[in-house]
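A.B. asks: sequence and predicted model, in that order:
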Amino acid sequence: MSLPKLTLVLGGASSGKSAFAERLIIATSLPKVYIATAQVWDDEMRIKVDRHRDMRGQGWRTVEEPMNMVAALSEVKEDEVALLDCATLWLSNHLLAENDLAQAQDVLLHALEVCPATVVVVSNEVGSGIVPETPLGRRFRDAQGQLNQKLAEKADSVVMVTAGLPFALKGPLP
């Protein structure tokens, strides 16, 4: 199977979006690169990262990069396929570091555009939930919505995963 140059996979927490994205990558039969944006700050996150790694199985080259997608995506070769998991943690990392989010988003979008490989980006859809109680939560929700819109605009294919079921939002369902 071949994928378009850029695919965006959206979904809520524990919706099955990462598992779906991994299946897309595996179906290409190309060498697989996993770009991990998570930072492990506690035991709960370590357990989650380990569980995701075990579920992916062997045969993935992992690039751990919480913020610098120019560096991470430049490591991916043209004959490989990359899974960026996930844009939500990448955004959170920038938000908590008090970086300029608009500039960081522009850099991410450019890095995706110039990456020679096929890339699948996983991102959380957070706009369907409750209004966050805190100003930081509302800022994050708004920034995530803006990032998802920009990624969707650039993507050739956009898929929403709910309860493990994929729905094509843009382009055919891969």
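C.D. replies: Yes, it's here. Numbering: from 1, shown residues only.
A.B. asks: helices of the chain, residue ranges please.
C.D. replies: For the chain, the helices defined by DSSP state H cover 17-27, 43-56, 69-74, 87-96, 101-114, 135-154.
A.B. asks: could you export those as a markdown table, including mean pLDDT, mean neighbour count and distance to residue 167?
C.D. replies: C-beta here means a position set from N, CA and C on the backbone, and glycine is covered the same way. Rendered in a markdown table, the data for the helices of the chain read as follows (pLDDT from 0 to 100; neighbours: other CB atoms under 10 Å; distance: least, CB to CB, whole Å):
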| stretch | mean pLDDT | mean neighbour count | distance to residue 167 |
| --- | --- | --- | --- |
| helix 17-27 | 95 | 19 | 11 |
| helix 43-56 | 84 | 12 | 22 |
| helix 69-74 | 96 | 18 | 26 |
| helix 87-96 | 96 | 20 | 19 |
| helix 101-114 | 97 | 16 | 22 |
| helix 135-154 | 96 | 16 | 13 |
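A.B. asks: for these, which one sits closest to residue 164?
C.D. replies: Among the helices of the chain, helix 17-27 comes nearest to residue 164, with 7.3 Å by CB to CB.
A.B. asks: same list (the helices of the chain) but as CSV, adding distance to residue 125.
C.D. replies: Listed next are the helices of the chain as CSV, based on distance: least, CB to CB, whole Å:
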stretch, distance to residue 125
helix 17-27, 9
helix 43-56, 19
helix 69-74, 20
helix 87-96, 9
helix 101-114, 17
helix 135-154, 7
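A.B. asks: the spatially most distant residue from the centre of the chain and residue 4: what is the separation?
C.D. replies: Distance from the C-alpha centroid of the chain peaks at residue 133, with 25.3 Å (CA atoms, centre = their mean). When CB to CB, to the nearest Å is the yardstick, residue 133 and residue 4 sit 38 Å from each other.
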